[in-house]
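Engineer: just coords:
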């Protein structure tokens, strides 16, 4: 699993994975939405404080967003994916940043509710996960990990006017009663709305 080593503007070391011989693994590369969401948390006055808060990154790939949150004091942080190769890559990135005391990997499959986290986090993040399908499976998994008072931040580098996954995600979020806000042209905040 050799790969390219990158240091983000926030000082997080990320190893990208090598191309897989049998399948395409989008998550073994660093994508623009993940970098933008990391920068948002590190520099934006609109970002919530993360120190001491539990965080979950869905579809983490390299884990850069969760690792950034961990380096900012969030704990515990769970970076998740359903690809064994990506879980190994994330472990390598945790070690490269000396964050094993705060950040852990977890195998989570959006299509398998039995794999979902039992303890709900304070904050859920995801980046560059809306590129295939209609986005509804991701949205349902995200909603299952939100509790009242928690927030989720989703960054996507795709054109939302032409991407069915993004539009489907937004439609599903609306149907589920989630409040969606656009932030700084790079992230979307999702929060559960208490229905009275």
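Structural biologist: Sure, I can see it. Keep in mind that this is a model prediction, so the values were computed, not measured.

Engineer: In contact with the spatially most central residue of the chain, which residues are there?
Structural biologist: Centroid-nearest residue in the chain: residue 126, 2.3 Å away (criterion: Cα atoms, centre = their mean). Going by Cβ atoms under 8 Å, 6 or more residues apart in numbering, residue 126 touches 57, 58, 59, 65, 138, 142, 152, 153, 154, 155. In short, each C-beta sits where N, CA and C put it, glycine included.

Engineer: Taking the residues you listed, tell me the two that lie furthest apart.
Structural biologist: For the contacts of residue 126, the farthest-apart pair by Cβ to Cβ is 65 and 138; their separation is 14.9 Å.

Engineer: Pick out whichever of the two has more residues nearby.
Structural biologist: residue 65 (30 against 24; other Cβ atoms under 10 Å).

Engineer: tell me what the helix or strand where the more buried one lies is packed against?
Structural biologist: According to DSSP states H and E, residue 65 maps onto helix 64-71. On a contact count with 3 or more Cβ pairs under 8 Å, 6 or more residues apart in numbering; DSSP states H and E, helix 64-71 meets helix 32-43, strand 55-58, strand 77-81, helix 84-96, strand 103-107, strand 123-127.

Engineer: Residue 139 looks like it's in a strand, true?
Structural biologist: No. Applying DSSP: H, G, I helix; E, B strand; the rest coil, one finds residue 139 to be helix, outside a strand.

Engineer: How about residues contacting stretch 99-106?
Structural biologist: Residues contacting stretch 99-106 (Cβ under 8 Å, 6+ apart): 63, 66-67, 70-71, 74-81, 87, 90-91, 94, 97, 117.

Engineer: Correct me if wrong: residue 174 contacts residue 180.
Structural biologist: Yes. Contact between residue 174 and residue 180 holds when scored by Cβ atoms under 8 Å: they sit 7.2 Å apart.

Engineer: low pLDDT regions in the protein?
Structural biologist: 1-2, 20, 24, 157-162, 184-196 (pLDDT under 70).

Engineer: rerun at 80
Structural biologist: Along the chain, the parts satisfying pLDDT under 80 run over 1-3, 18-25, 157-162, 182-196.

Engineer: Apart from its chain neighbours, what residue comes closest to residue 11?
Structural biologist: Spatial nearest neighbour of residue 11, excluding adjacent residues (Cβ to Cβ, 6 or more residues apart in numbering): residue 71 at 6.9 Å.

Engineer: List the contacts of that neighbour.
Structural biologist: Neighbours of residue 71 in contact, by Cβ under 8 Å, 6+ apart: 10, 11, 12, 97, 99.
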